[in-house]
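Participant: Give the three-dimensional model of this entry:
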Amino acid sequence: MFEPPIRIAVVVVTYNSAHLLADLLGSLQEGLAGLGWRLVIADNASADGSAETARRLAPEATVVETGRNGGYAAGINAGVAAALAAAPDLDAVLVLNPDVRLEPGCGAALARELGLSDDGLPHDGLPGVGVAVPRLVDAEGRLIASMRGAPSLLRAFADAVVGANRAGRVRWAGEIVADPAEYERGQDTDWAEGSTQLISAECWRACGPWDESYFLYSEETEFHLRARDRGFRVRFVPAARAVHLGGESTTSPGLWTLLVANRVRLFTARRGRVQGAAYWLMVLARECSRALLGKQTSRRAVRTLVSRRRMSAPRGPEWVGAA
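Facilitator: Here you go, the predicted model:
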């Protein structure tokens, strides 16, 4: 039930995530203290009983079984659709990965940045903020560099020449914002890692659903850049904190290949085929250099980048397995 003044739909997308749910759900009470929220879990045809585990651990939650593994964006869209059907007057949507654990007060800090107040009193927030994201750390408490610059040819070149983390020490040169000092202050960012984000209802209505064609990776990039195109700001909020256990994209050849291919696809969609070809060339050079060093993830990425058939194929679970 929505008892306090703010109405937030907490949307969690699961795929074989049963082992993660207890700790996530256990963090929500303190993480969302003072807020009125309702939990929606969208399950993408898990084979490990994630939907059943969610019903057992959170009997008050709405569990949506999508019936297919349509990807992260498809799960978000299904969860938000169910939330809006039940409560059309939502103030915001909090999107969470199942491997996130909110720190106490995280939700209230994000809500205030959107101009929502957990004490029921008026709060100005910052004009135009449509998405608020927290400071993230990993399971060992190490800072996760979650802020990003918009993809550009300059950033792709710097990434290929010196590497993403080194390039990211200079704000305009790298896509990853890698300087730890940048994470000590609130600021706008072009886009941010998508595991934990509070999206205002106004922003959601203006932008529409997430693009499901990406399946996994770059879907949050596309949504955040689309929000900025429509005049909304993406805001990093260091006072809001969460733990993100992290995934397998850097160690799984299939997932890394999907991440790389989707970056090229998104850039081309936004900048056109000519700039897209230049971007593809720089990404290919980067992956080739790392493949020569023996990285299996990059070797697989190179094979896909040079295959027109693979690059144009619809993204899905089969794509990851065959990449």
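Participant: Any regions of the stretch 101-250 of the chain where pLDDT drops low?
Facilitator: Residues of the stretch 101-250 of the chain that meet the criterion pLDDT under 70 lie in 117-127, 247-250.
Participant: hey, where'd the strands end up in it?
Facilitator: 129-137, 147-148, 187-188, 191-192, 196-200, 233-244 (DSSP state E, counting those that start in this stretch).
Participant: what's the closest of the ones you listed to residue 18?
Facilitator: strand 233-244 (18.4 Å; Cβ to Cβ). For every residue, glycine as well, the C-beta is placed using N, CA and C.
Participant: Need the residues that contact the helix or strand just after the closest one.
Facilitator: Downstream of strand 233-244, the first helix or strand assigned by DSSP states H and E is helix 253-271. With Cβ atoms under 8 Å, 6 or more residues apart in numbering as the contact definition, helix 253-271 has outside contacts at 151, 156, 214-218, 221-222, 225, 247-250, 275-277, 279-280, 283, 287, 296-301, 304-305, 310-311, 315, 319-321, 323.
Participant: quick revisit: most tightly surrounded among the strands of the stretch 101-250 of the chain?
Facilitator: Comparing the strands of the stretch 101-250 of the chain by mean neighbour count (mean count of other Cβ atoms under 10 Å), strand 196-200 comes out on top with a mean of 27.
Participant: what about stretch 287-294, distance to the chain center?
Facilitator: Chain-centre distance of stretch 287-294: 27 Å, with Cα atoms, centre = their mean, to the nearest Å.
Participant: Nearest residue to residue 135 in space, ignoring adjacent ones along the chain?
Facilitator: residue 238 (4.6 Å; Cβ to Cβ, 6 or more residues apart in numbering).
Participant: any idea how far residue 37 is from residue 116?
Facilitator: Look at residue 116 and residue 37: by Cβ to Cβ, to the nearest Å, they are 12 Å apart.
Participant: Show me the common contact partners of those two, please.
Facilitator: With Cβ under 8 Å, 6+ apart as the test, residue 116 and residue 37 both reach residue 6.
Participant: Please report how far residue 99 lies from residue 42.
Facilitator: 15 Å.
Participant: more neighbours, those two?
Facilitator: Set residue 99 next to residue 42 and count neighbours by other Cβ atoms under 10 Å: residue 42 wins out with 28 against 18.
Participant: now the more buried one, what's its secondary structure?
Facilitator: strand (DSSP: H, G, I helix; E, B strand; the rest coil).
Participant: Okay, and the nearest residue to residue 251 once chain neighbours are set aside sits in which element?
Facilitator: Excluding the flanking residues, the one nearest residue 251 by Cβ to Cβ, 6+ apart is residue 297, at 7.1 Å. Assigned by DSSP H and E, residue 297 falls within helix 296-305.
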